[in-house]
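K.L.:
got a sequence here, can you build the structure:
(chains A, B, C and D)
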2 protein chains.
Amino acid sequence: MKTTGTLKIKHIAEIAGVSVATVSRVINQNGRFSPETETRVRKVIKEIGYVPDSMARGLRTSKTNVIGIIVPDILNPHFAGLVLELEKNLFAQSYSSVICNTNESADLEKKHIDTLIAQHVSGIIFISGSDACTATGSIPVLYLDRRPMEYDEGSGLVIIESDNHTGGYVATNKLIATGSKNIAIVCSKTMDYNQKARYSGFRQAMDEAGLAIGGDRIFVLDEVSVHAARTKILDAFPRSIGIDGILCMTDTIALGVMTALHELRIAIPSDVSVIGYDDAPLAEFFQPPLTTVRQDVVQMAHTAARFILNMINGELPGSRHTIIPVTLITRRSTR
Amino acid sequence: MKTTGTLKIKHIAEIAGVSVATVSRVINQNGRFSPETETRVRKVIKEIGYVPDSMARGLRTSKTNVIGIIVPDILNPHFAGLVLELEKNLFAQSYSSVICNTNESADLEKKHIDTLIAQHVSGIIFISGSDACTATGSIPVLYLDRRPMEYDEGSGLVIIESDNHTGGYVATNKLIATGSKNIAIVCSKTMDYNQKARYSGFRQAMDEAGLAIGGDRIFVLDEVSVHAARTKILDAFPRSIGIDGILCMTDTIALGVMTALHELRIAIPSDVSVIGYDDAPLAEFFQPPLTTVRQDVVQMAHTAARFILNMINGELPGSRHTIIPVTLITRRSTR
DNA sequence: TTGAAAGCGCTAACAA
DNA sequence: TTGTTAGCGCTTTCAA
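P.N.:
Numbers count the residues shown, from 1 in each chain, chains lettered A, B, ... in the order given. Predicted structure coming up:
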């Protein structure tokens, strides 16, 4: 086994006593060739340790077996989990993943997309929800977890998301079932479609229970961070009256809320129940352990990987709009 | 701005009224061309949104501008941070990153390396500490954070790591300075070189203070996880006597330790001080906020990116063995 | 300062 | 069944 890379298809052809075309046919299993030829060629390839130059091949076929993954923030465990599972599934099908962290910047995202296109990636998975997919030409594209617009049959977009409406609904119902009546909600200024859906679930549950949604019980953060949530609660909570349950749009927010509540000497859950969203890796070790809505990251990524591969092969994805169920994880931050 | 990807250098040349060679020269900043030509060409490129085909370019130059990054676990915030910064630095220099998660499996790592080689990556950064770099042929390779063997001038390895010995040393000294005398240490069964170095710092500090290292105060975990740490402390702590300080090899371990201590109704830090390692994103929100050793992930990644690029360009890396300083972050888990 | 043209290694028509 | 050959889009001599 010599150092790969220096030998070309021409050498294989010469040694095997055939033409380069034949070697190519054997490698790619297309066209016809006699069994003897195939055996001879394969033998030479193996002996000599030949590996086709994926660059030349890619130039010729414009197929790379590389998938671009656009992700807003790989430090967020939810996205990291998605990326990890995606990479795992794709790799198992002989696809490489190029992960592009956008840090929520549209500019950076655009640059990344240009690079991916220049690399001729076979497909792009957007976890970012940006509408930059319009710039991707004819490359198969799919949205995972986030999406750029209200779902519309005619848009032609392929979307895989988790059941955010139900998530918000069951979380709120949990709060209601355990005795909360004056329920607050903490969300971020940039309400994306996921948060909107969670909010609509919240509203449905409140409506069904005949509970009012107080405008002064909707806390809006400038950004999603523990710090922002803590500050907001510290500032606004003392002025609010009678809040006995808080629905947080993410576990990160929930941690900030709980931290503030501790500082205000408000007991969780006896005074106030807190519920999060995502089931972050550490959520079970918060004080108290956090009741939260778990998204099925494995299933989401698995489905996305399958669908993008379908699309690359010119097939239809299993579905244009897939909604993955969520699970309520009950711990001790609710009564 | 049209859809990129379908236009080639030839189109730019036609529109700008020059030859493809000139366009290529402008893009690559080599050869000579008049300032007016350059301006005109750049304008067209920008207007039309042209991006060179990296495949064709790669075929021609046999340079891919892709770096492989081997990482054990992207879900670990420490590694995720490293990867994020690496990707950021590399992207700024027009390099793409292919992130390969090994899940600590040597088999999977080997497969990933084969793929990277077939893709003709320009270089590989190992965050995994595996010795699989021997299989990479003549591709520039560099170790970041972890390494496969005791440092040896003659090995020819390029290693960038953080100052683990000093980290263990200052952490232990913090414990000692705040009154701990019977100090325990929690590490994992698979003591890698980082943990060994932290341990040697611990030992030096203990020696200097004339403190004994009790064999019954060394807790060894089967794996690094909150759960394993919690279980171990719950089981072993009640049998140990007089422990008043605990040095944890990672923040994850520290969280498990603190959780167990809470359950055992042992107060932190008044009964026992706890100190962690890594300064995980959530460490400041633990109850109480965790004193820990922060590694300079940004500097580590920055250095690694610079060095691998050096090596790819046939230069020597800045140094064969770089040690990045650490910082003690004092919070309230120590007295 | 610029252009023409020869490939980089491979695949896929088209011929034989 | 096999071989010949024309490019894929780009960089880079070599000439002008």
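K.L.:
which parts of the stretch 151-300 of chain A sit against DNA strand C?
P.N.:
Not one residue of the stretch 151-300 of chain A sits near DNA strand C, judged by Cβ under 7 Å from any atom of the strand. (Glycine included, C-beta is placed from N, CA and C.)
K.L.:
nearest to chain B: which residue in the stretch 151-300 of chain A?
P.N.:
residue A:287 (4.7 Å; Cβ to the nearest Cβ).
K.L.:
now that residue: how far from residue A:254?
P.N.:
12 Å (Cβ to Cβ, to the nearest Å).
K.L.:
for residue A:185, same thing?
P.N.:
Distance from residue A:185 to residue A:254, by Cβ to Cβ: 12 Å.
K.L.:
which neighbours do those two share?
P.N.:
By Cβ atoms under 8 Å, 6 or more residues apart in numbering or on different chains, residue A:185 and residue A:254 have these common neighbours: A:246, A:248.
K.L.:
quick revisit: what about residue A:287 and residue A:254, which has more around it?
P.N.:
Using other Cβ atoms under 10 Å in any protein chain shown as the criterion, residue A:287 and residue A:254 rank with residue A:254 on top: 28 against 18.
K.L.:
just the pLDDT for the more buried one.
P.N.:
Looking at residue A:254, its pLDDT stands at 98.
K.L.:
SS state for it?
P.N.:
helix (DSSP: H, G, I helix; E, B strand; the rest coil).
K.L.:
so it is in contact with residue A:289, correct?
P.N.:
No. Judged on Cβ atoms under 8 Å, residue A:254 makes no contact with residue A:289 at a distance of 11.1 Å.
K.L.:
shaky segments in the stretch 51-200 of chain A?
P.N.:
Counting by pLDDT under 70, the stretch 51-200 of chain A shows low-confidence ranges at A:133-135, A:151-154.
K.L.:
not counting sequence-adjacent ones, nearest residue to the residue of the stretch 151-300 of chain A closest to chain B?
P.N.:
Distance criterion Cβ to Cβ, 6 or more residues apart in numbering or on different chains; nearest residue to residue A:287, sequence neighbours excluded, is residue B:287 at 4.7 Å.
K.L.:
what separates stretch A:319-333 from the chain centre, distance-wise?
P.N.:
14 Å (Cα atoms, centre = their mean, to the nearest Å).
K.L.:
could you confirm whether that stretch reaches chain B?
P.N.:
No. Counting by Cβ under 8 Å from any Cβ of the partner chain, chain B has no neighbours in stretch A:319-333; the shortest distance is 12.4 Å.
K.L.:
quick one: terminal-to-terminal distance for that stretch?
P.N.:
End-to-end distance for stretch A:319-333: 37 Å, by Cα to Cα, to the nearest Å.
K.L.:
what do you get for stretch A:276-283?
P.N.:
Using Cα to Cα, the two ends of stretch A:276-283 sit 9 Å apart.
K.L.:
which residues does it contact?
P.N.:
Outside stretch A:276-283, the residues that reach it (Cβ under 8 Å, 6+ apart) are A:77-78, A:167, A:171, A:198, A:248-255, A:289-295, A:329, A:331, A:333, B:75, B:226, B:255, B:282.
K.L.:
buried subset of these?
P.N.:
A:77-78, A:167, A:171, A:198, A:248-255, A:289-295, A:329, A:331, A:333, B:226, B:255, B:282 (16 or more other Cβ atoms under 10 Å in any protein chain shown).
K.L.:
mind checking which of the residues you listed are in strands?
P.N.:
Mapping the buried ones among the contacts of stretch A:276-283 onto strands (DSSP state E) picks out A:248, A:291, A:292, A:293, A:294, A:295, A:329.
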